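Novice: Structure for this input, please:
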Amino acid sequence: MPAVSRSALIVDGLALSLTSDDLSEMFTPFGTILWTHVATDPFRRSLGFGYVVMETDEQASQAIQALQGHSIAGHLIRISRTELPPSLART
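Specialist: Below is the predicted model of the structure:
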């Protein structure tokens with residue numbers, strides 16, 4: 001998993017059925033995906049948000065511009081830049 005970078009995004013409003021692979025598919029048209037993660041509870045149920053780390057800041061910007069507010073699997077998604085939580089980030 002990558003270190004914290006400006007290309008880290010949080011994607012909120014995900015359908016509970018979406019997986020990390022689904023996130024990768026959504027963001028691949030905008031560049032190289034370094035890592036994705038859908039947040040889950042202790043029972044491995046989705047919490048409705050996830051993280052995507054793109055290779056470059058420019059790719060992250062393109063993804064935000066193209067996908068912000070779109071309906072994915074019937075849910076409006078919100079995307080913003082973030083720092084990965086320490087439990088997910090590698091130092």
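Novice: Next up, the contacts around residue 66.
Specialist: Residue 66 makes contacts with 29-30, as judged by C-beta atoms under 8 Å, 6 or more residues apart in numbering. Quick note: C-beta positions are derived from backbone N, CA and C, even for glycine.
Novice: Look at it and give its secondary structure.
Specialist: helix (DSSP: H, G, I helix; E, B strand; the rest coil).
Novice: How about the one 3 residues further on?
Specialist: Here residue 69 is coil, with the state taken from three-state DSSP.
Novice: Report the separation between the nearest residue to it once chain neighbours are set aside and residue 48.
Specialist: In space, not counting the residues next to it along the chain, residue 69 is nearest to residue 76; the distance is 5.9 Å by C-beta to C-beta, 6 or more residues apart in numbering. For residue 76, the distance to residue 48 (C-beta to C-beta, to the nearest Å) stands at 12 Å.
Novice: circling back: name whatever forms a beta bridge with the residue nearest to residue 69.
Specialist: Beta-bridge partners recorded for residue 76 (DSSP bridges): residue 71.
Novice: List the residues that contact it.
Specialist: Listed by C-beta under 8 Å, 6+ apart, the contact partners of residue 76 are 13, 69-70.
Novice: which residues of this structure fall in strands?
Specialist: Remark: strands assigned in the chain by DSSP state E are 8-12, 33-40, 46-54, 71-72, 75-76, 78-81.
Novice: re earlier: pull up the overlap in contacts between residue 76 and residue 48.
Specialist: With C-beta under 8 Å, 6+ apart as the test, residue 76 and residue 48 both reach residue 13.
Novice: which one of the contacts of residue 76 sits closest to residue 26?
Specialist: residue 70 (9.1 Å; C-beta to C-beta).
Novice: what's the neighbour count on the residue lying closest to that closest one once chain neighbours are set aside?
Specialist: Leaving aside its sequence neighbours, residue 70 sits nearest to residue 77 (C-beta to C-beta, 6+ apart; 6.2 Å). By the criterion of other C-beta atoms under 10 Å, residue 77 has 21 neighbours.
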